[in-house]
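Undergrad: Task: produce atomic coordinates for the following.
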Amino acid sequence: MQKTYIKQFPYIRIFACFAIVVLHTLFASNAYYDGLITGTEKLVTQTAENMLMWAVPCFLMITGALLLDENKNLTGKKIFKYTRRMVMSLLVFTLLFQILDYATGFRKTLLTGWLYRLFTGQSWAHMWYLYLMIGLYLMMPFYKMVADHATDRQMWGLIGSIVLFVSLLPLSRIFGLEPGFYIPTTMIYPAYLFLGHMFRKKSLGKVESWMLFLIPSVIIIMLSTYCSAVLGQMSDETFQILFGYGSIPVVLQTAGMYNLLMNIDVKERSRVNTLNDCSFGIYLIHMIFVTASMKWFGFNPYRYNFLIFIGMALVFFVAAFIITYILRKIPKVNTIL
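TA: From the prediction side, this is the model:
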């Protein structure tokens, strides 16, 4: 079988990875200094957060484009390899984060606490992605079977049905109307895999991509402003309906951003490939620097210009890259980073 390679993918991964670091820097600062910031500062921070929710789905779309390719032979051995990497990373890094919390006095137990948080998914917040990927990898043979045998019209019908039930119908809850129609909201993650698969076969043009990105982005900015000014503190349910990964603005914005990046004419470069190879390690490690700066050392970025968030994220990104690059030189370690 021919190996799928698309030259834009390393660039998309790097860009999305940096966006995630910025997003987590904003999330952390908002969480740690929520009671110390003005309404305007909170509005700007939350709007920026909501504008970056496309980053993780872009990773899922790349995964779908690569693994659901009809020219790719997805064997049980490959599924085991992908899943083992996630499981090993989960074991190692939940233990590492537990040790760090224990050493800094934020956890009272070590081994029992680690096992509990490992099973319940209550380690550091960004580790949720590993639990997700383990499930998606194990389900991938089924998704592959669907993608291989369904026509394009059937695939778009499946994606549309998921978006209808997960993204559109829940909007009625904002008006106090509970929809009776229901499928699990987590179905949006396989939908991103299918979207990546379909856009690999035929991506959108530049004009359509810009429209698909800009219109939802304007809606997100307007909704963020309204929610901050009128609703104040949003419930988690309202946030998920309007700005979560399954929300209609984020689904459309993600599709637009993904296609915008796919339309960029890029060249294959060794340095880009090196960064791309380290993207997963950067994702895992960067939160150590985010947590250390604000939770352990009490650095308050709101005392400075808003651009400090970009600067901090860049420092965290580079530091995590350097550590990942060094660790990947160690035999066996490179199999989980």
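
Undergrad: Only C-alpha atoms from now on, for both contacts and neighbour counts.
TA: Will do.

Undergrad: Going by residue numbers, what spans are helices in this protein?
TA: Secondary structure of the chain (DSSP state H): helices located at 9-32, 39-51, 55-67, 76-103, 111-120, 128-149, 152-163, 188-201, 206-226, 236-243, 248-262, 270-277, 279-291, 308-327.

Undergrad: Name the nearest residue to Ile159, ignoring sequence neighbours.
TA: Counting by Cα to Cα, 6 or more residues apart in numbering, Ile159 lies nearest to Ala191, which is 5.7 Å off, once chain neighbours are set aside.

Undergrad: Using TSV, please lay out the helices of the chain together with mean pLDDT, mean neighbour count and distance to Ile174.
TA: Below are the helices of the chain laid out as TSV (pLDDT from 0 to 100; neighbours: other Cα atoms under 10 Å; distance: least, Cα to Cα, whole Å):
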stretch	mean pLDDT	mean neighbour count	distance to Ile174
helix 9-32	95	21	24
helix 39-51	89	18	18
helix 55-67	97	23	24
helix 76-103	94	16	36
helix 111-120	87	14	30
helix 128-149	97	16	26
helix 152-163	96	16	17
helix 188-201	96	22	20
helix 206-226	95	17	12
helix 236-243	89	17	7
helix 248-262	97	24	14
helix 270-277	93	15	40
helix 279-291	97	22	33
helix 308-327	96	18	32
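
Undergrad: wait, what's in contact with the residue nearest to Ile159?
TA: 159, 162-163 (Cα atoms under 8 Å, 6 or more residues apart in numbering).

Undergrad: repeat that with 10 Å
TA: Residues in contact with Ala191 (Cα atoms under 10 Å, 6 or more residues apart in numbering) are 57, 60-61, 64, 143, 155-156, 158-163, 197, 246, 251.

Undergrad: Then Leu223?
TA: Applying Cα under 10 Å, 6+ apart, the residues near Leu223 are 47, 50, 217, 229, 242-243.

Undergrad: likewise Leu193?
TA: Contacts of Leu193 by Cα under 10 Å, 6+ apart are 57-68, 136, 140, 143, 147, 159.

Undergrad: Quickly note the distance from it to Thr225.
TA: 31 Å (Cα to Cα, to the nearest Å).

Undergrad: and what of Gly121?
TA: For Gly121 relative to Thr225 (Cα to Cα), the value is 32 Å.

Undergrad: cool, Leu337 as well?
TA: Separation of Leu337 from Thr225 (Cα to Cα): 39 Å.

Undergrad: Same question for Asn30.
TA: Taking Cα to Cα, one finds Asn30 at 16 Å from Thr225.

Undergrad: Same question for Ile248.
TA: Applying Cα to Cα, the value for Ile248 to Thr225 is 17 Å.

Undergrad: what does Asn300 give?
TA: Relative to Thr225, Asn300 is positioned 24 Å away (Cα to Cα).

Undergrad: what's the residue closest to the geometric middle of this structure?
TA: For the chain, the residue sitting closest to the mean C-alpha position, by Cα atoms, centre = their mean, is Val56 at 1.9 Å.

Undergrad: correct me, but it touches Leu130?
TA: No: using Cα atoms under 10 Å, Val56 makes no contact with Leu130, being 11.8 Å away.

Undergrad: you'd agree Val146 is up against Met139?
TA: No: using Cα under 10 Å, Val146 is not in contact with Met139, being 11.1 Å away.

Undergrad: residues touching the spatially closest residue to Ile336 that is not a sequence neighbour, list them.
TA: Of all residues not flanking Ile336 in the chain, Arg85 sits nearest, at 5.0 Å (Cα to Cα, 6+ apart). Arg85 makes contact with 130, 134, 334-337, according to Cα under 10 Å, 6+ apart.
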